[in-house]
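Chemist: coords please:
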Amino acid sequence: MDGYFEYRHTVGFEETNLVGNVYYVNHLRWQGRCRELFLKERAPQLLADLRDDLKLFTLKVDCEFFAEVTAFDELSIRMRLLELAQTQVDMGFDYVRLDPDGSQALVARGRQRVACMRGPSARTVPVRVPEPLARALAPYARDAGAAADLCGRPGGD
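Modeler: Below you'll find the model as predicted:
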């Protein structure tokens with residue numbers, strides 16, 4: 001295993017500006033898409049829970065850019081678990097351009113922190129990260145030594 005969940009993406013014209021560079025907001029969209037596909041592929045038992053009353057609220061998102069991305073670039077968006085707290089998850093995202101010659105270049109790095117909540121919109125309350133999510137994230141922990149402890153985590157936020 002590579003230690004990250006990967007979402008591959010080919011940049012389209014609609015994601016660029018007049019000069020041909022990717023709009024900033026698309027990097028954030030790709031983070032969200034990577035997270036969604038992770039849930040679908042690695043934690044499908046959560047989907048019914050998300051349709052019910054489980055909510056994953058994005059608390060913080062950021063992205064730092066190192067190189068330009070243009071139309072038809074092939075990207076690998078690689079998600080890792082940075083921290084698993086009692087009610088929150090912190091994920092890191094590496095944006096790697098996959099060049100035709102086989103070389104790779106880190107073009108951006110992002111981060112996203114989400115809180116697990118339940119209840120109707122006006123009265124949501126924080127809840128523990130569901131065990132299926134914690135188990136699905138464990139193989140992608142940045143610190144492999146801590147990965148074994150994630151599912152039996154006692155601590156708090």
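
Chemist: make it CA atoms for all contacts and neighbour counts henceforth
Modeler: OK.

Chemist: How much space separates the residue lying closest to residue 108 once chain neighbours are set aside from residue 95?
Modeler: Using CA to CA, 6 or more residues apart in numbering and skipping residues adjacent in sequence, the residue nearest residue 108 is residue 65, 4.3 Å away. With distances taken as CA to CA, to the nearest Å, residue 65 is found 9 Å from residue 95.

Chemist: what is in contact with the two at once?
Modeler: By the contact definition CA atoms under 8 Å, 6 or more residues apart in numbering, residue 65 and residue 95 are jointly contacted by 107-109.

Chemist: hang on, the earlier thing: out of residue 65 and residue 95, which sits in the more crowded spot?
Modeler: Legend: neighbour count by other CA atoms under 10 Å for residue 65 and residue 95, higher for residue 95 (27 against 14).

Chemist: all strands of the chain, in order?
Modeler: 5-10, 54-65, 74-84, 88-98, 104-118, 125-126 (DSSP state E).

Chemist: Residues touching the first one, excluding its own?
Modeler: By CA under 8 Å, 6+ apart, the residues outside strand 5-10 that reach it are 33-34, 37-38, 71-80, 140.

Chemist: Name all residues that make contact with the residue nearest the centre of the chain.
Modeler: The centroid of the chain falls nearest to residue 35 when counting by CA atoms, centre = their mean (4.1 Å). Residue 35 makes contact with residue 79 under the criterion CA under 8 Å, 6+ apart.

Chemist: buried stuff in the helix ranked longest in the chain?
Modeler: Longest helix in the chain, counting residues (DSSP state H): helix 24-42. Across helix 24-42, burial judged by 16 or more other CA atoms under 10 Å covers 27-28, 30-31, 34-35, 38-39, 42.

Chemist: Count the neighbours of the nearest residue to residue 106 once chain neighbours are set aside for me.
Modeler: In this structure, residue 106 finds its nearest non-sequential neighbour in residue 96, 4.4 Å apart by CA to CA, 6+ apart. Residue crowding around residue 96 was assessed by other CA under 10 Å; the count is 21.

Chemist: which residues does residue 96 bridge with?
Modeler: Judged by DSSP bridges, the bridge partners of residue 96 are residue 76, residue 106.

Chemist: wait, it sits on residue 102?
Modeler: No: look at residue 96 against residue 102 with CA atoms under 8 Å: they stay out of range, at 11.8 Å.

Chemist: Contact partners for the closest residue to residue 119 other than its chain neighbours?
Modeler: Among residues not flanking residue 119 along the chain, residue 53 sits closest, at 5.6 Å (CA to CA, 6+ apart). Listed by CA under 8 Å, 6+ apart, the contact set of residue 53 reads 118-120.
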